[in-house]
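Undergrad: please work out how this folds:
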Amino acid sequence: MKILFVGATCFELYQFFENLKEAPENKGPVFHYKWHNLDIDLIITGIGTTFTTYFLTKALYLTKYDLVINAGIAGSFRDEISIGTVVNVKSEQFSDLGIEDGNQVKTIFDAGFVDPGEFPFTNGIMINPDSYQHLELPDVHAITGNISHGSLKSITRMVHDFDPDIESMEGAAIFYVCLRENVPFLEIRGISNYVDIRDTDKWDIPTAIENLTNELFRFLRQFATIKQVS
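TA: Numbers count the residues shown, from 1 in each chain. The predicted structure is shown next:
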């Protein structure tokens with residue numbers, strides 16, 4: 001099985017890849033690893049939808065993958081999704097793709113530029129059709145924007161317009177490219193903070209990364225042939 005991991009930054013995935021066997025002469029931009037019988041590649045795209053779309057599309061052009069996994073941290077809009085929780089993103093929306101019309105912000109669907117039912121959208125939302133046994137993570141709806149929200153005004157608008165569970169800055173790009181290219185994919189996120197007025201002292205990135213790493217290995221065990229040491 002050949003799996004491509006997509007991360008925005010190195011630090012979000014460093015614990016995971018520290019436990020893999022790196023291929024010789026690993027120079028990138030696609031880095032190659034082995035874990036038991038699994039071939040695992042990694043691209044670090046940088047933050048935001050533009051960089052993510054470019055590097056993911058290029059990687060898919062060069063190699064055929066059985067599964068793409070976007071893994072990283074995210075912010076929660078809901079108190080019940082606590083910091084440290086690892087979630088499975090089942091649906092995504094672009095939160096900053098639209099127009100301002102006076103005091104109102106309209107999405108590209110509201111403005112009539114794109115049919116909300118045009119593939120890969122369903123009522124303006126992208127839905128992951130793939131499911132996997134033993135994933136056993138809470139399913140959430142996410143928004144993706146090129147700005148991490150940190151003011152009451154913008155947060156209130158996000159909640160009103162999209163009713164999201166979490167937000168990231170790359171997820172919807174993964175959904176869009178993989179749906180268009182018909183490649184199975186997952187977006188798995190560890191919650192590092194609440195979406196609120198920005199105060200990084202209240203964030204817990206180490207716990208989010210540790211829990212994310214544990215869940216990634218638990219998930220991969222269903223595909224790996226693991227030799228028992230006698």
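Undergrad: any idea which helix or strand carries A172?
TA: Assigned by DSSP states H and E, A172 belongs to helix 171-181.
Undergrad: quick check: mean pLDDT of the following helix or strand past that helix?
TA: Counting by DSSP H and E, the element after helix 171-181 in chain order, helix or strand, is strand 185-194. Average pLDDT, strand 185-194: 97.
Undergrad: C-terminal to strand 185-194, what's the next element?
TA: Next along from strand 185-194, by DSSP H and E: helix 205-220.
Undergrad: I'd assumed L4 was in a helix, is it?
TA: No. Looking at L4 with DSSP: H, G, I helix; E, B strand; the rest coil, it is strand, so not inside a helix.
Undergrad: contact partners for it?
TA: V30, I40, D41, L42, I43, A59, L60, T63, Y65, L67, V68, I69 (Cβ atoms under 8 Å, 6 or more residues apart in numbering). C-betas here are computed from N, CA, C, even on glycine.
Undergrad: what subset of the residues you listed is buried?
TA: V30, I40, D41, L42, I43, A59, L60, Y65, L67, V68, I69 (16 or more other Cβ atoms under 10 Å).
Undergrad: can you flag which of these belong to strands?
TA: Mapping the buried ones among the contacts of L4 onto strands (DSSP state E) picks out I40, D41, L42, I43, L67, V68, I69.
Undergrad: give the contact list for R198.
TA: So R198 contacts S148, G150 (Cβ under 8 Å, 6+ apart).
Undergrad: now it, what are its backbone angles?
TA: phi -60, psi 120 (degrees, to the nearest 10).
Undergrad: could you check the angle strand 185-194 makes with the helix holding A172?
TA: With axes from the mean of the first three to the mean of the last three Cα atoms, to 10 degrees defining the directions, helix 171-181 sits at 170 degrees from strand 185-194.
Undergrad: hmm, I40 is touching N26, no?
TA: No. Using Cβ atoms under 8 Å, I40 is not in contact with N26, being 11.7 Å away.
Undergrad: number of nearby residues for the closest residue to K202 other than its chain neighbours?
TA: Using Cβ to Cβ, 6 or more residues apart in numbering and skipping the chain neighbours, the partner closest in space to K202 is N193 (6.6 Å). Number of residues near N193 (other Cβ atoms under 10 Å) recorded here: 19.
Undergrad: thanks a lot, catch you later.
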